[in-house]
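Enquirer: no FASTA, just this:
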């Protein structure tokens, strides 16, 4: 499903979604960003692979014995349901142009292609970016001076 840019206010990356799901510091601020404004179908959009990245963050918590496996299964299951069934966040599909631009940005900036994909998606859709990654914020600002970026620490 492709998203019309006027129906979303921001692209949200995996670092912020992970903060929300794992109830890390300031997760409530992320939650506020997820709420749609009047006339919006969803407050934010993300890339499909962010579901796996968030899952990996929950998995790491199990590995570090911060959360029991059964609780992690419940948390991740609820997250997947909210994304895929309840449309908490709209999913944007990766296309060849976005993948290639993301890779070029990753090469130029020395940052992961995953993070650069969120930057390039926000630029493509002409909407803001929400991140909890300071380096990603800095790269977004360097690449696209007018791109609105919200950093939630």
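Expert: Looks like it arrived, so ask away. Just so we're clear, the structure is a prediction, and the values are computed from it rather than from any experiment.
Enquirer: residues in contact with residue 149?
Expert: Residue 149 is in contact with 128, 129, 130, 131, 137, 140, 141, counting by Cβ atoms under 8 Å, 6 or more residues apart in numbering. Every residue, glycine included, has its C-beta placed from N, CA and C.
Enquirer: ignore the last one, residue 61
Expert: Taking Cβ under 8 Å, 6+ apart as the definition, contacts of residue 61 comprise 22, 67, 72.
Enquirer: with residue 77 instead?
Expert: Counting by Cβ under 8 Å, 6+ apart, residue 77 has no contacts.
Enquirer: quick check: it vs residue 83, distance?
Expert: 11 Å (Cβ to Cβ, to the nearest Å).
Enquirer: out of the contacts of residue 149, which two are the most distant from each other?
Expert: For the contacts of residue 149, the farthest-apart pair by Cβ to Cβ is 130 and 141; their separation is 13.8 Å.
Enquirer: quick check: next helix or strand after the helix or strand that residue 60 is a member of?
Expert: Using DSSP states H and E, the element containing residue 60 is helix 49-63. The helix or strand immediately downstream of helix 49-63 is helix 69-84, counting by DSSP H and E.
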